[in-house]
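S.K.: Need coordinates for the below:
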Amino acid sequence: MTSAAFPWKNGRPPHLPCGPGDIAENVLTPGDPDRVRLLADMLDDVTDFGRKREFAVITGRYEGQRLTICSTGIGGPSTEIALVELAMLGAKRVVRIGGMSSLVAQYATGSFVAVDRAIGDTGTARTYRAASGEAKASPRIVAGLVDAASQLGLTCRPGMVASTDSYYFGQDRRYRPVDDGTASSGNFIEGFQAEGAIGVEMESEITMTVGGAIGLETGCLLGVHGNRATDDWLDDYEATQRNLLRIAGRAFSSTEWEHRR
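M.R.: This next block holds a predicted model:
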C-alpha cells in the first residue's frame, strides 16, 4: 500500500513519469529535460513517457541495445530522486551525460571527460556517504567510454572533477549584474585545482555516490562547455550533446563491453 515511507502507487514512482517495464538496464541521465527531446531522434523504436517536473523519460534502442534517457534536473536532490527511482524500476547502469567547465587550458571546449572520481562536499553526496557511497566511477564504464570515443574519432580522457551545489558563488562566477569584484571572492576554483580537479560541475559526485550506495554501476561523461582557464564558452553545444549519446551508446553496445568485468 502507498505510504509516506514509500509513496509509490501501482508500481509507479511519485516523480518519474513511467512504471514497471519502462526502464532499460542501461540509462543515460542528462540534466536538462529538453536534451531528452534533442536526443530522441538518435534512437530507434522510441517510447516517450512524458515529463513530470524536471524529469523527462524515453526508452528506445541505440545500435541495437535497449537504452533509457532520463533527465535529472540541476543538482543533488533531483538527481538523487531520479537515481533511486530508476534503480527501483530496473536500471543497472547509469551514465550521467552533461556539461562541465574545464579548469585547465588543454581541455578545450567541445572535448570530453570520462570522470573516474569526483571531489566536493555536496549535501546529497554527504548524506549517501553515510550509506557507504563513494564518488568513484565504475572502471569498466570509464574504459568503455574512452574506447568508444576513440572509435568515433573524438577526444575523451579520464579525469577527476569537482562537484558543487552552487553555480554562481561556488564556481567563482559574478552574482551581481555589475562586476564589483564578487566574481572571485570565494576562490573555490583555486581550491579545486589544488586538489587535482580538471573540471567543475554539479552532479557527478551525487551520481557516483548515490549510485554506489544503492547498487548502481555508474559513470559520468562530460562535454566541456566552458574553460575557466581560457574563459572560452561554447555557445552552441548541440553537437557536443549528441556526441555524448554517441560515445555512451557505443560504449554500452560495444562487443568488448561484457569482457570488461
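S.K.: which residues does the most centrally placed residue in the chain contact?
M.R.: With distances taken as CA atoms, centre = their mean, the residue of the chain nearest its centroid is Arg96 (2.2 Å). Shown in contact with Arg96 (CB atoms under 8 Å, 6 or more residues apart in numbering): 28-30, 72, 203-204, 207, 218-222. For every residue, glycine as well, the C-beta is placed using N, CA and C.
S.K.: In which helix or strand does Gly211 reside?
M.R.: For Gly211, the host element (DSSP states H and E) is helix 204-214.
S.K.: average pLDDT across the helix or strand following that helix?
M.R.: Using DSSP H and E, the helix or strand that follows helix 204-214 in sequence is strand 217-227. Strand 217-227 shows a mean pLDDT of 97.
S.K.: where does the stretch 1-150 of the chain have low pLDDT?
M.R.: By pLDDT under 70, the stretch 1-150 of the chain has no low-scoring segment.
S.K.: Strands of this structure, residue ranges please.
M.R.: For the chain, the strands defined by DSSP state E occupy 26-29, 44-52, 55-62, 65-70, 93-102, 112-120, 156-163, 199-201, 217-227, 232-233.
S.K.: got those as CSV, with distance to Pro20 columns?
M.R.: Shown next, in CSV, are the strands of the chain (distance: least, CB to CB, whole Å):
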stretch, distance to Pro20
strand 26-29, 15
strand 44-52, 12
strand 55-62, 13
strand 65-70, 13
strand 93-102, 18
strand 112-120, 31
strand 156-163, 32
strand 199-201, 32
strand 217-227, 21
strand 232-233, 42
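S.K.: among those strands, which is nearest Pro77?
M.R.: strand 55-62 (12.3 Å; CB to CB).
S.K.: List the buried residues for that closest one?
M.R.: 55-60, 62 (16 or more other CB atoms under 10 Å).
S.K.: Does anything pack onto the longest helix along the chain? Which helices or strands?
M.R.: Using DSSP state H to define each element, the chain has its longest helix at helix 238-253. Helix 238-253 sits against strand 26-29, helix 33-40, strand 55-62, strand 65-70, strand 93-102, strand 112-120, helix 139-151, strand 217-227, with contacts defined as 3 or more CB pairs under 8 Å, 6 or more residues apart in numbering; DSSP states H and E.
S.K.: Dump it to CSV, restricted to CA.
M.R.: Extracted in CSV, the C-alpha atoms of helix 238-253 (Å, rounded to 0.1, in the frame of the first residue of the first chain):
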residue,chain,number,x,y,z
GLU,A,238,24.1,20.7,-29.7
ALA,A,239,26.8,18.7,-31.5
THR,A,240,28.6,18.1,-28.1
GLN,A,241,25.4,16.8,-26.6
ARG,A,242,24.7,14.5,-29.5
ASN,A,243,28.3,13.2,-29.3
LEU,A,244,27.7,12.4,-25.6
LEU,A,245,25.0,9.9,-26.7
ARG,A,246,27.1,8.6,-29.5
ILE,A,247,30.0,7.8,-27.1
ALA,A,248,27.9,6.4,-24.2
GLY,A,249,25.7,4.5,-26.5
ARG,A,250,28.6,3.0,-28.3
ALA,A,251,30.2,2.0,-25.0
PHE,A,252,27.1,0.1,-24.0
SER,A,253,26.7,-1.6,-27.4
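S.K.: neighbours around Ser78, how many?
M.R.: Around Ser78 there are 20 other residues, counting by other CB atoms under 10 Å.
S.K.: correction: Glu195
M.R.: For Glu195, using other CB under 10 Å, the count is 11.
S.K.: pretty sure it is touching Ala162, no?
M.R.: Yes. With contact defined as CB atoms under 8 Å, Glu195 counts as touching Ala162 (7.2 Å).
S.K.: and for these two, which residues touch both?
M.R.: Ile119.
S.K.: For the nearest residue to Glu203 once chain neighbours are set aside, give me its contacts.
M.R.: Of all residues beyond its chain neighbours, the one nearest Glu203 is Thr79 (5.1 Å), with distances taken as CB to CB, 6 or more residues apart in numbering. In this structure, Thr79 makes contact with 29, 31, 72-73, 124, 203, 206-207, 210, judged by CB under 8 Å, 6+ apart.
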